[in-house]
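> Need a 3D model of the sequence below.
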Amino acid sequence: MLAYTLLIAAVAVERVAELVVSQRNLKWSKARGGVEYGASHYPVMVVLHTALLVGCLYEASHREFIPLLGWSMLAVAVAAQVLRWWCITTLGHQWNTRVVVVPNAGRVTGGPYRYMSHPNYVAVVVEGIALPLVHTAWITALVFTVLNAALLWARISVENTALRSLTPVDRPQP
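Numbers count the residues shown, from 1 in each chain. The predicted model follows:
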């Protein structure tokens, strides 16, 4: 359980790093006239993602580690993190945990966005299943997945509306 606790702590630190990047990018966007869309769902997203980490720890304390499941889900969770940071680096200053559009900014179509419209949400969905299952927290995985599906339905709708105001631009990989 100690190793799993350290994993969840590492993910929490990673989330703080994301928030630092997001705040920096929010300032950059606002300085260029950035407009936020759908701010009302943001607090729900923060609570849900925090609850995921808390739920993982609580439920895992009542479950046994199953090596085959745990190690395979750890690999999947790491792959989700790689995808998430590929999205962040590809979007550069345009990446944010909020939905913010800078007027006349180009829509990024490179990196993982070359293959799908919302790859970061693929990372979120995959991580929401894999991270709890690293230590057999299947109830947390199930509850998060259902609640996250409802949240993503609203968020993707808001984001698609916001993205219609952008024009495509292929940004080279860093």
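> Let me know the helix or strand that the spatially most central residue of the chain is in.
In the chain, the residue lying closest to the centroid (CA atoms, centre = their mean) is Val124, at 4.3 Å. Here Val124 sits within helix 119-133, counting by DSSP states H and E.
> If you count contacts, what does that helix end up packed against?
helix 2-31, helix 42-60, helix 67-91, helix 138-163 (3 or more CB pairs under 8 Å, 6 or more residues apart in numbering; DSSP states H and E). Where C-beta positions appear, they are placed from N, C-alpha and C, glycine not excepted.
> Tell me which residues of it come out buried.
By 16 or more other CB atoms under 10 Å, the buried positions in helix 119-133 come out as 119-133.
> That helix to helix 2-31, inter-axis angle?
160 degrees (axes from the mean of the first three to the mean of the last three CA atoms, to 10 degrees).
> ok now helix 119-133, how far from the chain's centre?
8 Å (CA atoms, centre = their mean, to the nearest Å).
> again, but for stretch 148-164
13 Å.
> Residues contacting it, please?
35, 37-38, 41, 44-45, 48, 99, 101, 107, 117-118, 121, 124-125, 128 (CB atoms under 8 Å, 6 or more residues apart in numbering).
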